[in-house]
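[1] can't give you the sequence, but here's the structure:
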Ligand SMILES: [Zn+2]
Ligand SMILES: [Zn+2]
């Protein structure tokens, strides 16, 4: 058996891992990095079956290309299937707006819909002499780790979060021989979660108390719902705009993927949804607006920011990792934002809260010990070596993109 990363080994984004067993190829995830220009993985060879860990575009974004080109079957949980379909549609729109070539079209999306199959957590599928079992990965609703078993056990984590959040339960370790582990947060530690929630709510209150508005750019898939759950603790007037509204409905259809469907249902019900231009005006008269995109590269959030950016009483609260080259990263680092092609200085407050959905350095080390593998293959990280140097008594591999690792 051997594995090869088509992308996403030495960096976050465009993850794809080929598994070659008895000359049969399987693919785990196939995404692209939504940067400018987009970062694509190496071209995948024909594969009959692919396993998708979750909907985020850096894991799923090239699946329609794969289905359109190679007629591949794709296995995933139902929340992943439904939310990734939304993101594929959005990907076509965004690339079109930005003027980049399209890796796939609507016909490929149709093929993807036809070729996608549900695989539930705990379910096992046979691939020749290989048995593949799906496990919850924490991270976002529906996110999955894949365990492959024959002579040896390999665990492919996708993105994992081992701590429970308001939205999902944390991932549990799975005993394995080889652990293919994401390492987004290698070398970094998250602030204490309860303190983070507390500081975040305090900041929201502070801005509202001084008469400002709060704009929360949030990814539609996962972060929007978590924000609703955290903000629900106080009685704020919350408005919701963008794709997050549709993702709410999808998640509520799959309560088994949530920590508490009841809480999310209440939080969604309490938030006001923007449905029209008039709604946008009314939202700006309210207190808090949660909207896409999370990294400020388009989406309705820019319209709201445009209205409050010169008001020093108001604030933009960034709630997730801002990829290099994105508008959000620019705002975080230099206080400047691109709106409708023009660079504008933002005068309102800008704060960052590290609401990560990933295991941090220490969580990853604990997870490794729990899985107790002989060999750890680190991927999906810009600073893998920082984690590698803290792993003791196990073989640690950090393959480059394109390199085959024989197991
Ligand atoms: Zn993810
Ligand atoms: Zn990822």
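    Okay, I see it. Here the structure is a predicted model, which is why all the values come from computation and not from measurement. Ligands and ions are numbered 1, 2, ... in the order given.
[2] care to break this structure down by domain?
    As assigned by automatic domain parsing, the chain contains the domains 2-188+358-406, 193-352.
[3] Just say which of the ones you listed is most tucked in.
    Counting by mean count of other Cβ atoms under 10 Å, domain 2-188+358-406 has the highest mean neighbour count of the domains of the chain, with a mean of 20. (Each C-beta comes from the backbone N, C-alpha and C, glycine too.)
[4] Tell me which of the domains of the chain lies nearest to ligand 1.
    domain 2-188+358-406 (3.5 Å; Cβ to the ion).
[5] now check that closest one, is it near ligand 1?
    Yes: using Cβ under 5 Å from the ion, domain 2-188+358-406 comes into contact with ligand 1 via 56, 159.
[6] circling back: same list, the domains of the chain, but as a markdown table with mean pLDDT please.
    Output for these, formatted as a markdown table (pLDDT from 0 to 100):
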| stretch | mean pLDDT |
| --- | --- |
| domain 2-188+358-406 | 97 |
| domain 193-352 | 96 |
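[7] TSV for these, including distance to ligand 2?
    Shown next, in TSV, are the domains of the chain (distance: least, Cβ to the ion, whole Å):
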stretch	distance to ligand 2
domain 2-188+358-406	4
domain 193-352	10
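[8] where along the stretch 301-407 of the chain do the helices fall?
    Ranges of helices in the stretch 301-407 of the chain, per DSSP state H, counting those that start in this stretch, are 301-308, 327-334, 361-371, 384-388.
[9] who touches the residue lying closest to residue 81 once chain neighbours are set aside in this structure?
    Residue nearest to residue 81 in three dimensions, not counting chain neighbours: residue 116, with 5.2 Å by Cβ to Cβ, 6 or more residues apart in numbering. Neighbour list for residue 116: 67, 73-76, 81 [criterion: Cβ atoms under 8 Å, 6 or more residues apart in numbering].
[10] Tell me which entries of the residues you listed lie within helices.
    67, 81 (DSSP state H).
[11] hmm, back to that, any idea what the residue nearest to residue 81 is bridged to?
    residue 74 (DSSP bridges).
[12] From residue 50, how far out is it?
    Separation of residue 116 from residue 50 (Cβ to Cβ, to the nearest Å): 10 Å.
[13] Reformat the contacts of residue 116 as TSV; add distance to residue 13.
    Shown next, in TSV, are the contacts of residue 116 (distance: Cβ to Cβ, whole Å):
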residue	distance to residue 13
67	21
73	25
74	20
75	22
76	19
81	22
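[14] Looking at the contacts of residue 116, which is nearest residue 16?
    Ranked by distance to residue 16 (Cβ to Cβ), the contacts of residue 116 are led by residue 74 at 12.6 Å.
[15] before we move on, back to that, any residues in contact with both of residue 116 and residue 50?
    Listed contacts common to residue 116 and residue 50 are 73-75; contacts here mean Cβ under 8 Å, 6+ apart.
[16] between the residues you listed, which is nearest residue 274?
    The nearest member of these to residue 274, counting by Cβ to Cβ, is residue 74 at 32.7 Å.
[17] That closest one touches residue 65, doesn't it?
    No: in this structure residue 74 lies outside contact range of residue 65 using Cβ atoms under 8 Å: 11.7 Å.
[18] if I pick the spatially closest residue to residue 390 that is not a sequence neighbour, what's in contact with it?
    Spatial nearest neighbour of residue 390, chain neighbours left out: residue 365 (5.9 Å); criterion: Cβ to Cβ, 6+ apart. For residue 365, the contacting residues are 387, 390-391, by Cβ under 8 Å, 6+ apart.
[19] quick one: contacts of stretch 275-284?
    By Cβ under 8 Å, 6+ apart, the residues outside stretch 275-284 that reach it are 213, 239, 241, 272-274, 289, 300, 303-304, 307-308.
[20] go with 6 Å
    When contacts are defined by Cβ atoms under 6 Å, 6 or more residues apart in numbering, stretch 275-284 is touched by residues 239, 274, 289, 307.
[21] among those residues, which are in strands?
    Counting by DSSP state E, the contacts of stretch 275-284 place 239, 289 in strands.
[22] Let me have the contacts of stretch 275-284 in JSON lines, extended by distance to residue 248.
    Compiled in JSON lines, the contacts of stretch 275-284 are given as follows (distance: Cβ to Cβ, whole Å):
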{"residue": "239", "distance to residue 248": "13"}
{"residue": "274", "distance to residue 248": "13"}
{"residue": "289", "distance to residue 248": "15"}
{"residue": "307", "distance to residue 248": "24"}
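[23] Just the closest of the contacts of stretch 275-284 to residue 338, please.
    residue 307 (16.2 Å).
[24] now the contacts of stretch 275-284 as a markdown table including distance to ligand 1?
    Shown next, in a markdown table, are these (distance: Cβ to the ion, whole Å):
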| residue | distance to ligand 1 |
| --- | --- |
| 239 | 26 |
| 274 | 26 |
| 289 | 24 |
| 307 | 31 |
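[25] how about residue 163, what does it touch?
    Contacts for residue 163 (Cβ under 6 Å, 6+ apart) come out as residue 170.
[26] ditto for residue 4
    18, 404.
[27] Sticking with it, tell me its helix or strand.
    Applying DSSP states H and E as the criterion places residue 4 in strand 2-7.
[28] Is it correct that residue 245 falls within a strand?
    No: counting by DSSP: H, G, I helix; E, B strand; the rest coil, residue 245 is not part of a strand but helix.
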